[in-house]
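>>> compute the structure for the input listed below.
(one chain, ligands or ions: 1)
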Amino acid sequence: MLPHLLSLASLLLGASATSCKTSPSDASWPTTAQWSSLNSTVSGRLLSTIPIASVCHHGPLGSYNSTACAALQAAWSSAWTHQSHPSSIMSPLFTNRTCLPSTPSTGAEGECTLGYYPAYVLNVSSVADVQAGVNFARAHDLRLVVKNTGHDFFGKSTGRDALSLWTHWLRSIEFESYSGVPAVRVGAGVSTVSVYEAAAAVGRVVVGGEQPSVGFAGGYVAGGGHSPLTSRYGMAADQVLEMTVVTADGVVRRCARDENGELFWALRGGGGGVFAVVVEVVVKTHADGMVTTMPLQFATEDTEAFWAAVRQFFALTPRLGALGVYSYNNIMPGSFSSTPVLAPNMSAAGLYTELAPLYATLREHNITYSANATEYPRFLDAWRNSFPTEVAGIMSGSVSRLVPTAVLTNSTTLDTFMDAYRAATDELYYFAVFGISPPPGSEGEQGNAVNPAWRRAGMHILAGYLIPENSTEHQVVKQRDWANEVFQPVRDATKGAGCYQSEAALTEPDWQTAFHGTNYERLLQVKHTWDPTGLFYATKGVGSEEWEVEDGRLCQV
Ligand SMILES: Cc1cc2nc3c(=O)[nH]c(=O)nc-3n(C[C@H](O)[C@H](O)[C@H](O)COP(=O)(O)OP(=O)(O)OC[C@H]3O[C@@H](n4cnc5c(N)ncnc54)[C@H](O)[C@@H]3O)c2cc1C
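Next comes the predicted model:
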């Protein structure tokens with residue numbers, strides 16, 4: 001049932017500033033009849049937003065049910081819980097922390113409101129649904145968001161008063177030969193695990209994310225996308241041969257090297273939710289084959305010995321990357337855990353040999369370690385058995401840096417970097433270090449909009465910090481500033497490098513350059529060409545500096 005309250009509010013309260021996206025308090029907010037008409041156009045697939053944790057609350061949007069609430073509380077930290085809900089996202093900070101399962105079920109503190117959730121969700125089942133949503137949002141100057149899985153670190157897949165396009169059910173996966181290149185055509189709602197499984201069934205692999213729940217064709221590819229297979233085959237965006245999109249004018253377009261080339265360039269690395277709605281992508285597939293994985297662990301209270309071993313590992317990373325090896329490492333003072341080192345097309349013996357200098361350092365310092373490699377005949381099993389499940393639904397922040405190979409291969413710069421890294425690990429909560437280097441030329445002759453800093457990278461650092469749930473907005477801001485400050489020496493030790501936009505700090509200094517390097521001006525031109533009125537907005541996305549957000553409301557600067 002569609003709520004009539006919002007339309008009533010619009011009539012009572014009248015219009016507000018025209019430079020803002022339409023809100024329910026504006027006279028121009030669509031009437032109930034207009035929402036109903038959209039609902040008919042999309043065969044009843046328009047949903048009024050009901051926050052996921054309404055079952056834990058009383059009040060107008062609440063539907064308290066103790067059993068359902070307990071089940072949600074138990075499942076809250078699973079990414080799948082949020083992915084499979086029309087409006088839920090994984091970072092509660094960006095919903096304005098409304099209607100959480102952890103807050104009281106009654107009273108002012110436990111009020112269940114829409115917060116920064118969208119007003120309506122269009123549960124997309126076809127390209128025509130996407131077109132209907134885009135046209136409706138444009139006609140009524142509504143904020144439009146696209147939600148695939150809700151993984152986004154900046155909450156870009158939600159927005160106050162928005163119409164949201166939920167792509168979850170666009171689940172097609174079709175293998176084909178694309179001008180002679182083995183390829184797969186993937187719908188916008190397909191998750192990593194689904195495409196990995198489908199590919200394995202036909203003896204192929206694709207470049208996808210590390211966690212099973214991450215979307216494949218949405219924000220992941222749009223942001224560049226790193227993968228356990230990136231050191232071997234390149235970034236996810238490098239694999240794309242064609243995209244079908246709906247642009248801001250509501251038109252369905254094919255984007256490829258030979259058609260809408262500039263838009264195609266931008267869609268591959270320029271960021272999610274900025275240029276168009278992607279309906280499907282066609283990506284290269286590669287022959288499946290043998291993969292060796294190795295969980296690698298060591299710990300010691302001997303601080304200098306520990307960091308000497310980590311330094312040795314960092315120094316080895318560029319060579320490993322050049323051999324196609326990837327690693328996912330959690331490195332905090334006194335404790336190193338790689339889950340795993342993943343080596344496509346390399347035997348266990350080969351991997352032991354490559355890591356021999358590390359073992360020598362560990363032995364030299366009397367550090368015990370475990371390093372047991374397993375050979376798998378195909379990628380899917382290696383991937384399934386190796387990665388820990390990550391936690392969703394928590395209040396946290398991130399910072400990222402793409403550490404250049406040049407820094408890791410020079411003893412002086414590596415020392416400076418080590419000092420900065422060590423100091424930062426004393427402060428921040430966790431440090432995930434990805435050993436990743438896309439092979440030279442993997443972006444192809446025409447290139448794409450992936451941050452050029454990725455092409456020089458030997459490692460990607462993703463550091464995180466927790467934000468206490470009861471923090472005030474002011475405290476949240478202070479916490480972000482503090483993390484930026486603590487991380488600054490890492491930036492200084494890697495001057496000229498950038499960061500990974502999809503796992504970066506919300507308050508990254510000069511984010512345009514850090515996320516996009518020299519590509520930014522070109523990306524902004526594409527944005528202005530294809531979305532001149534700013535139908536698509538994404539927090540810290542290309543062109544977002546032309547907008548400001550006041551209490552969740554989007555207004556032109
Ligand atoms: C647990 C976890 C693990 C991760 N692992 C990896 C990893 O291994 N490698 C990696 O590179 N990244 C990883 N990431 C980061 C991830 O790639 C980004 O968060 C990415 O944006 C997720 O895309 P999504 O479509 O799944 O998410 P969403 O939050 O739904 O969307 C992200 C952004 O893309 C936009 N978008 C989504 N679909 C479309 C579409 N069809 N058309 C246009 N815009 C769209 C949204 O509007 C939003 O701006 C991880 C994140 C998390 C939380």
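
>>> from here on, just use CA atoms for contacts and neighbour counts.
Noted.

>>> quickly find the element holding C499.
Under the assignment given by DSSP states H and E, C499 is not contained in any helix or strand.

>>> ditto for S164
S164 belongs to strand 163-166, assigned by DSSP H and E.

>>> how far out from the middle of the chain is that strand?
18 Å (C-alpha atoms, centre = their mean, to the nearest Å).

>>> please apply the same query to stretch 239-253.
With C-alpha atoms, centre = their mean as the basis, stretch 239-253 stands 20 Å off its chain's centre.

>>> what average pLDDT does the strand holding S164 get?
Strand 163-166 carries an average pLDDT of 98.

>>> in that strand, what counts as buried?
Using 16 or more other C-alpha atoms under 10 Å as the test for burial, strand 163-166 gives 163-166.

>>> include distance to the ligand when you put those residues into JSON lines, please.
Converted to JSON lines, these look like this (distance: C-alpha to the nearest ligand atom, whole Å):
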{"residue": "L163", "distance to the ligand": "12"}
{"residue": "S164", "distance to the ligand": "9"}
{"residue": "L165", "distance to the ligand": "9"}
{"residue": "W166", "distance to the ligand": "8"}
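
>>> where does the stretch 401-550 of the chain have low pLDDT?
For the stretch 401-550 of the chain, no stretch is flagged by pLDDT under 70.

>>> taking it, what residue is nearest to the ligand?
S502 (4.9 Å; C-alpha to the nearest ligand atom).

>>> OK, contacts around that residue?
Taking C-alpha atoms under 8 Å, 6 or more residues apart in numbering, we find S502 in contact with 152-153, 220, 223, 271.

>>> which one of the residues you listed is nearest to N385?
Closest approach between these and N385, by C-alpha to C-alpha: Y220, at 22.2 Å.

>>> count the neighbours of A71 for me.
11 (other C-alpha atoms under 10 Å).

>>> roughly how far apart are it and A128?
Relative to A128, A71 is positioned 36 Å away (C-alpha to C-alpha, to the nearest Å).

>>> which helix or strand contains P340?
Using DSSP H and E, P340 falls in strand 335-344.

>>> with just CA atoms, put the following helix or strand past that strand into PDB.
Sequence-wise, the next helix or strand downstream of strand 335-344 (DSSP H and E) is helix 348-364. Taking Å, rounded to 0.1, in the frame of the first residue of the first chain, the C-alpha atoms of helix 348-364 are listed here in PDB:
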ATOM      1  CA  ALA A 348      52.400 -25.300  -3.700                       C
ATOM      2  CA  ALA A 349      56.100 -25.900  -4.200                       C
ATOM      3  CA  GLY A 350      56.400 -22.800  -6.300                       C
ATOM      4  CA  LEU A 351      54.700 -20.700  -3.700                       C
ATOM      5  CA  TYR A 352      56.900 -22.000  -0.900                       C
ATOM      6  CA  THR A 353      59.900 -21.100  -3.000                       C
ATOM      7  CA  GLU A 354      58.700 -17.500  -3.600                       C
ATOM      8  CA  LEU A 355      58.000 -17.000   0.100                       C
ATOM      9  CA  ALA A 356      61.400 -18.600   1.200                       C
ATOM     10  CA  PRO A 357      63.000 -15.200   2.000                       C
ATOM     11  CA  LEU A 358      60.100 -14.500   4.400                       C
ATOM     12  CA  TYR A 359      60.500 -17.900   6.100                       C
ATOM     13  CA  ALA A 360      64.300 -17.200   6.400                       C
ATOM     14  CA  THR A 361      63.500 -13.900   8.200                       C
ATOM     15  CA  LEU A 362      61.000 -15.600  10.500                       C
ATOM     16  CA  ARG A 363      63.500 -18.300  11.400                       C
ATOM     17  CA  GLU A 364      66.300 -15.800  11.900                       C
END
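
>>> which strands border the helix or strand just after helix 348-364, and is each parallel or antiparallel?
Later in the chain than helix 348-364, the nearest helix or strand by DSSP H and E is strand 369-371. Strand 369-371 has these partner strands in its sheet, going by DSSP bridges: strand 291-299 (antiparallel).

>>> quick revisit: list the contacts of the strand holding P340.
Contacts of strand 335-344 (C-alpha under 8 Å, 6+ apart): 228-229, 232, 289-300, 306, 310, 324-331, 351, 379, 386-388.

>>> buried subset of those as a ChimeraX selection?
To isolate the buried members of those in ChimeraX, using 16+ other C-alpha under 10 Å:
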select :228,229,232,289,291,292,293,294,295,296,297,298,299,300,306,310,324,325,326,327,328,329,330,331,351,379,386,387
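
>>> show me which of the contacts of strand 335-344 neighbour the ligand.
For the ligand, no contacts are drawn from those by C-alpha under 6 Å from any ligand atom.

>>> tell me what G215 is bridged to.
Beta bridges link G215 to S191, judged by DSSP bridges.

>>> so it makes contact with V190?
Yes - at 6.1 Å, G215 and V190 qualify as touching, with contact defined as C-alpha atoms under 8 Å.
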